[in-house]
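Engineer: All I have is the shape, not the residue letters:
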């Protein structure tokens, strides 16, 4: 969507294609920018301008290699090219098919007007990037206002996962190939999971003929209230051109492809370009809004594909069809050498051209038994393995033949052409169950152990063969990708493997019984050491989690409960941004109640029991008494008073000392703030409505909520509102109270040893030498007031920072931390044993990803740096440090301190903190039906300091400028505002030295020299020093000049 909206042309490339093929395709389309991630970046090293999306896909942190000045700004029209899809070419070279914005948008609306696809649908994204259907599933779905559900990687081949997504995400629309539908329905019927199909409204088959075998299977699934559609079409006519509603109640031998979609036309002509009569077979020509814009750079092929009929352009499909007396089209097949295999269109000539680039003298490729590609090769000195390796390095995976049959001579007809009718049948070669380069004397290797024997049995069953050698390649004995997927699922059930514990990629790459058995053995043994899935314990009382304990005690000890009741408040303010919103306050209230019911942590009390243990207790939010009010909901109508300040109202709410009461479980409060409006325009209905610029303010206590909870909260709040407060509630769902029990049952022996080794020898009594204005009082109390310095980096420096992170293969968090270490080293006058506190999201299990709660871990990151290190070396050490911490982030800070005989309240290194936040769109916006809300920044939450010295980076990829910024938030108890601002200026200057090759004070790239040579002297201070005139007075000794210079220098550095 971003590419299309910016005026670019989208061209998907399959990461499974060989590197050689990818480079050919890139050069053909004259690609200016390729988007890569960590699995694909090596395919394009130094050959193309690339943008690394690794962190965006995996860590939600964007990285960029790109000089954006090289990217032009393009205004798109309806005739501009929207995307390019590569299809197989008979000349041996793929064809780059161009579709315009007009083609795509009109084809989507044709689907809408056919009533197969509408704005109320939830669409599963099933198609691979080589199918143009994936563009419909993503962009087309969003265009019409429907919902698209993105599956996890390889999710379409995991039937258990896919069926669970269909049910949990309430998928109403699927558009995919018959082979995938057959495998999915076979799994659902066999496992008796028909409930996965309960929400389906439209099930669309496309890409291959809809066979009766699939229809019979659909009937046995007892699917209800779902229409089955058979679509037909080529990429050249944009997604589909005809459709047919399949009657599952009628037995048929063949399924029609139906009638043209709205705004499409179909004409049938014979070989002499004359119209045919009903029932007569002829060639199909398709016209209408979806006819493509031609093949890129191949006008010769375009002129052959497009035909002018009565002043309109029609696409020559090459397919044979006939029309019955009801006006329905019936697909009859093809007469050329273009085929479809598993939904992929393949020109057999492309395979043949590839093979002719080897030492073979002649070859022919065919489709056999609907599932296999067979290559016949004429040669006397080449074997199958050589042919297979050549094809794998030059062709996409789906175009590599299953079997290569090497003959001394191919059969010829009377005209001297290859006689396809007299080629030896492949069945005789498959029956041997061995690759063709085996001789009759070759040893058939048998299984050696129980796992190999079990795998061998599964292979024989699925391939319907006997006596398969354990080192036979599955693709040489009749196997293909769908059969390999079936094996994958059989492995999981037979060996009781956990989801995703076995890699499909490994099975494809090492396709023998021996290798599969090895992977299964390794997976079984690894699983013995993995903890099982966490499930609900149905608790209403439990010990507080380690994170809750930390927040609870810190608030009680360091911050007065009366004056700093809101020090751990997380306020979220959103404004109604759409003008025509109709948002019911009553429904908002009910939605909040449903949300608190689903996430019991939002109605959970914290208290110290008789044993001195901090415990939590979940209240029933539907039972409210004077003593127990789990959540608050208030409506504030602002009076028509120009002097009244909205910000003042918000500040009064946030600072209210009774906003939270942890003992009563009141951890969330929602305030509806309505702008003033004339009374004459108010009605009883209007009194329950929010209008443009009205506000919703959520205040949530940190003991029940963290940054990662925001998107979960907004998603479920929106869902609860939009479904009339009928949010699905699962009694078996894991709750935060369950997590607090499970985390205490984990074996943390290894993590304890890790953290003790990390802090071994550290001088805990040594304070970091920072330029404070005041000393910390002996009391543990804090005011919570902050002195702040805000730094916003320009686009150039932001890009330089992100490019450097990508080049060094580090995350922006790791690079920011390395920069912070370099700054602390310099500002502390060379302290090299540095320990700072970092915040970790700590959602280390998949079961924790959708739970609201406080999971954040506060962890000490210690580094012993060498002043002679270059910045590159420092970054590498920080990267290794961060990776080593990942496996032990669940170890609580309380234990880390206890192991070193320390306490939480007065330890110095805990007061120097680093954090890096990436702002995502779903944290800043949410929608309720037709109402859109956008986040409003709150200065009040920024102006509080929980720590003495904190640096936080904020990265917002949605901003056009200033997407990278940082903020020093320091305790006003120790620092004046002017001091913190000077610290910020010095940090910004150091930042520029590191990420620009030149600055006004430094003439070399500091990333390749010693960090000791980095300077904190600001450019204006440097000029002032250079301009200072020193002269000798008769009564002054030489030492005086040195003392005066030193004093001036220390003053400039801000030291004492």
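Structural biologist: Here it is on my side, so go on. These figures come from a predicted structure and were not determined experimentally.
Engineer: Stretch 161-176: end-to-end distance?
Structural biologist: 17 Å (Cα to Cα, to the nearest Å).
Engineer: Show me which residues of that stretch are buried.
Structural biologist: Neighbour counts using 16 or more other Cβ atoms under 10 Å place 161-163, 165-166, 171-176 of stretch 161-176 among the buried residues. The C-beta positions use only the backbone N, C-alpha and C, and glycine is treated the same way.
Engineer: do the same with stretch 848-865
Structural biologist: So, applying 16+ other Cβ under 10 Å, buried residues of stretch 848-865: 848, 851-863, 865.
Engineer: Same question for stretch 385-404.
Structural biologist: Buried-residue list, stretch 385-404, by 16+ other Cβ under 10 Å: 386-388, 390-391, 394-396, 398-404.
Engineer: Double-check that residue 15 belongs to a helix.
Structural biologist: No: per DSSP: H, G, I helix; E, B strand; the rest coil, residue 15 lies outside any helix segment and is coil.
Engineer: Grab the nearest non-local neighbour of it.
Structural biologist: Of all residues not flanking residue 15 in the chain, residue 40 sits nearest, at 4.9 Å (Cβ to Cβ, 6 or more residues apart in numbering).
Engineer: Residue 646 now?
Structural biologist: residue 638 (6.8 Å).
Engineer: I'd guessed that neighbour sits against residue 672; true?
Structural biologist: No: assessed by Cβ atoms under 8 Å, residue 638 is found out of contact with residue 672, at 11.0 Å.
Engineer: Show me this structure divided up by domain.
Structural biologist: Using automatic domain parsing, the domains assigned to the chain come out as 2-32+71-334, 338-430, 450-472+482-527, 541-740.
Engineer: And the ones you listed: which comes nearest residue 880?
Structural biologist: Taking Cβ to Cβ as the measure, those were each checked against residue 880, and domain 450-472+482-527 came out nearest at 23.8 Å.
Engineer: mean confidence for that closest one?
Structural biologist: Mean pLDDT, domain 450-472+482-527: 80.
Engineer: can you check stretch 199-215 too?
Structural biologist: 88.
Engineer: Can you mark which positions in that stretch are buried?
Structural biologist: Residues 199-211, 214-215 are the ones in stretch 199-215 that count as buried (16+ other Cβ under 10 Å).
Engineer: Which single one of these is nearest to residue 733?
Structural biologist: The closest of the buried residues of stretch 199-215, once distances to residue 733 are taken by Cβ to Cβ, is residue 199, at 19.0 Å.
Engineer: Please report how far the residue nearest to residue 646 lies from residue 807.
Structural biologist: 52 Å (Cβ to Cβ, to the nearest Å).
Engineer: If you count surrounding residues, which of the two has more?
Structural biologist: residue 638 (16 against 12; other Cβ atoms under 10 Å).
Engineer: pLDDT value on that one, please?
Structural biologist: We have a pLDDT of 81 for residue 638.
Engineer: and if you look at residue 65?
Structural biologist: The model's pLDDT for residue 65 equals 57.
Engineer: give the contact list for the nearest residue to residue 805 once chain neighbours are set aside.
Structural biologist: The shortest distance from residue 805 to any non-neighbouring residue, by Cβ to Cβ, 6+ apart, is to residue 815 (4.4 Å). Residues in contact with residue 815 (Cβ atoms under 8 Å, 6 or more residues apart in numbering) are 801, 804-805, 808, 875, 878.
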